[in-house]
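*Asks:* Whatever this is, show me its structure:
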Amino acid sequence: MQKTAVSRARNIFAVAGFSVLALATGACSGSDQHAVTPVAVTQEDLTQLPEANTFGTVTDAPTDPQLNGGAKAGKVIHPKADMVVYASVGGKPIAKLPAIQMGSPTWVPVVAEQNDWAEILLPTRPNASAGWVYLPSGAAETAQDDYAVEVDRAAFTLQILENGTPTGKWTIGTGKPEHQTPAGRAYIIASIEESKNTYSPIVLPLSYHSDSLETFGGGPGTVGLHTWPNDSYVGKANSDGCIRVPKDALTALAKLPLGTIVNIK
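*Replies:* Residues are numbered from 1 along each chain as shown. The predicted model follows:
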């Protein structure tokens, strides 16, 4: 289906600089530890790395260190050019994080930091993939995201939190038993305006994918947040894995910054 990116204001974002490839050498930080030098990656090497987007698979990626840690607001980053992703601090290169994916700017949540390094969550298969990027001063745009989303599959509820305080709660629908909505710490990767479908004016793809479907609707089986033409989904598990929400919930969700964590339990 034809899709175009939705333009959304993100006035919480404080720009810290521009993206560069992580090829610089380390230096002493303000702590007693020394920053670790990243493995050098040439432009040719970069082209050989798998792309860390919703269509990609990063087989050597570490797992989210707090897979069941709950929804959490925090720092998000945006590369303006392909950024090297490493398996660990000073470890081997495993992927490249693009500046744009699915027509939206790439914003990813930071889940750990060590000197000039940041561990980020990846939007790839397998679910819960993570990786490390080198972020010396000016290496990426950074922002503080004060929002998080909590999804309770058993209770069929979704709530938005701002700085830990609930600001809205709705009854939702989830994946049917054979195509369950996957559990874990996902995040919003894009905002898509649908020009052909009739079930939702906007779809918010998440970083997680279906565990039972390799592809759906021509895409890579990406799980998303969207509305539905009627109320048949309310309080039921009858989707192919996506999370169906009321229209007012989608309106509120569409205002959240890209990179906002969606904890699904």
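
*Asks:* my read: A71 touches N163, true?
*Replies:* No. Between A71 and N163 there is no contact under C-beta atoms under 8 Å: 11.6 Å. Placement of C-beta: from N, CA and C, glycine included.

*Asks:* Neighbour count: the two, which is higher?
*Replies:* A71 (21 against 9; other C-beta atoms under 10 Å).

*Asks:* quick one, what contacts that one?
*Replies:* 148-150, 161, 185, 261-263 (C-beta atoms under 8 Å, 6 or more residues apart in numbering).

*Asks:* That one and D152, how far apart?
*Replies:* Counting by C-beta to C-beta, to the nearest Å, the gap from A71 to D152 is 11 Å.

*Asks:* quick one: low-confidence parts of the chain?
*Replies:* For the chain, applying pLDDT under 70 flags the ranges 1-34.

*Asks:* Spell out which helix or strand contains the spatially most central residue of it, please.
*Replies:* Nearest to the geometric centre of the chain sits Y187, at 3.8 Å (C-alpha atoms, centre = their mean). For Y187, the host element (DSSP states H and E) is strand 184-187.

*Asks:* What is the distance between that strand and the centre of its chain?
*Replies:* 7 Å (C-alpha atoms, centre = their mean, to the nearest Å).

*Asks:* That strand: partners in the sheet, and parallel or antiparallel?
*Replies:* Paired neighbours of strand 184-187 in the sheet (DSSP bridges): strand 261-264 (antiparallel).

*Asks:* Mind jotting down where the helices sit in the stretch 1-150 of the chain?
*Replies:* With DSSP state H, counting those that start in this stretch as the criterion, the stretch 1-150 of the chain has helices at 43-48.

*Asks:* Return the member of the contacts of A71 nearest to G56.
*Replies:* Nearest to G56 among those, counting by C-beta to C-beta, is R185 at 18.8 Å.

*Asks:* okay but that closest one is in contact with T260, surely?
*Replies:* No. Between R185 and T260 there is no contact under C-beta under 8 Å: 11.4 Å.

*Asks:* neighbours of P136, just the number please.
*Replies:* P136, neighbours per other C-beta under 10 Å, totals 18.

*Asks:* go on, the one 4 residues further on?
*Replies:* A140 is surrounded by 27 other residues when neighbours are defined as other C-beta under 10 Å.

*Asks:* wait, isn't the residue nearest to the centre of the chain in contact with N263?
*Replies:* No. In this structure, Y187 is not within contact of N263 by C-beta under 8 Å, at 9.3 Å.

*Asks:* Ramachandran coordinates for the closest residue in space to I189 that isn't next to it in sequence?
*Replies:* Excluding the flanking residues, the one nearest I189 by C-beta to C-beta, 6 or more residues apart in numbering is P123, at 4.7 Å. Backbone torsions of P123, given as degrees, to the nearest 10, read phi -90, psi 30.

*Asks:* show me what contacts P123?
*Replies:* 52-54, 101, 108, 187, 189, 207.

*Asks:* Tell me the one of these nearest P177?
*Replies:* For these, with P177 as the reference and C-beta to C-beta as the criterion, the closest is S207, at 23.1 Å.

*Asks:* Where does the closest one sit, in terms of helix or strand?
*Replies:* strand 202-209.

*Asks:* relative orientation of the next helix or strand after that strand and strand 202-209 in degrees?
*Replies:* Using DSSP H and E, the next helix or strand after strand 202-209 towards the C-terminus is strand 222-226. On the basis of axes from the mean of the first three to the mean of the last three C-alpha atoms, to 10 degrees, strand 222-226 is oriented at 150 degrees to strand 202-209.

*Asks:* Show residues contacting strand 222-226.
*Replies:* 54, 181-182, 186, 188, 199-200, 202-206, 208-210, 216, 241-245, 250, 253, 262.

*Asks:* If anything else comes up later, I'll come back, but that's it for now.
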